[in-house]
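> Build me a model:
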Amino acid sequence: MSDPAPMEPPDVLTALGVSFRLYEHPGVVEPVEVCAALGVPLERTVKTLAFVTPEDRLLLAALPGHARLRYGPLARAAGMRRADLVPADAGRLARAGMRPGGVCPVSTEAGVLVVFDAAVSGLGRVYCGSGRADRSVEIDAGALVAAVPAAVTAPIGDVSRDVSRVKPSDGPSGESSGAPAVERA
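Next up, the predicted model:
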């Protein structure tokens, strides 16, 4: 008998009673492509980078979409050496119910380590991965952080460097971007 399929992040959020909207869009991987599909700026997104620890635990680092990851502070926050940060491959993500391009800091996988950048909780309404590259979640950033009570918060992002900017095509919620939304409460 095989193990049951892991819950995808939107299912986890629904089970927790967290209010969010789910947007469908073409399957894209790069943050700038996601922003273009949704019609939102990078500053309104939370990207999640996935790593595997030497013990095969998933480490998820969530930071503002326009920030660059600071590997040293992430490793310290996770209690490991920087040299041990190994990117998670598609197979490892699948075991957690996620795919490349759609990584989300919300997971039901046992032992997952989640580190949020200290700035995330104050970002207001944001867009983040849904577990798949063809959908994004719009959610209050504070609710996103609260949905992962065991998470660590640390200054892992650097926004001091100039990064690409994407201008919204229409309204700030992306409703006019052509991406259909599904409300979940």
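
> I figured G111 hits R57, correct?
Yes: counting by CB atoms under 8 Å, G111 does reach R57; the two are 4.7 Å apart. Where C-beta positions appear, they are placed from N, C-alpha and C, glycine not excepted.

> These two: who's more crowded?
Set G111 next to R57 and count neighbours by other CB atoms under 10 Å: R57 wins out with 15 against 10.

> partners of the closest residue to R21 other than its chain neighbours in the sheet?
Of all residues not flanking R21 in the chain, E138 sits nearest, at 4.3 Å (CB to CB, 6 or more residues apart in numbering). Beta-bridge partners for E138, by DSSP bridges, are R21, Y127.

> With A62 instead?
For A62, the beta-bridge partners are T48, F116 (DSSP bridges).

> residue ranges of the strands in the chain, please?
For the chain, applying DSSP state E gives strands covering 20-24, 45-52, 58-64, 68-69, 86-87, 113-117, 125-129, 135-140, 152-154, 157-158, 181-184.

> Partner strands of the fourth one and their direction?
Neighbouring strands of strand 68-69 in its sheet, by DSSP bridges, are strand 157-158 (antiparallel).

> residues in contact with the partner strand?
With contacts defined as CB atoms under 8 Å, 6 or more residues apart in numbering, strand 157-158 is touched by L63, P64, A67, R68, L69, R70, D117, A118, A119.

> residues near the residue nearest to R21, how many?
E138 has 24 nearby residues by other CB under 10 Å.

> Low-confidence ranges, the chain, go.
1-3, 161-185 (pLDDT under 70).

> distance of L85 from A146?
Distance, L85 to A146, using CB to CB, to the nearest Å: 26 Å.

> neighbour-wise, which of the two wins?
Between L85 and A146, counting by other CB under 10 Å, L85 is the more crowded of the two (19 against 13).
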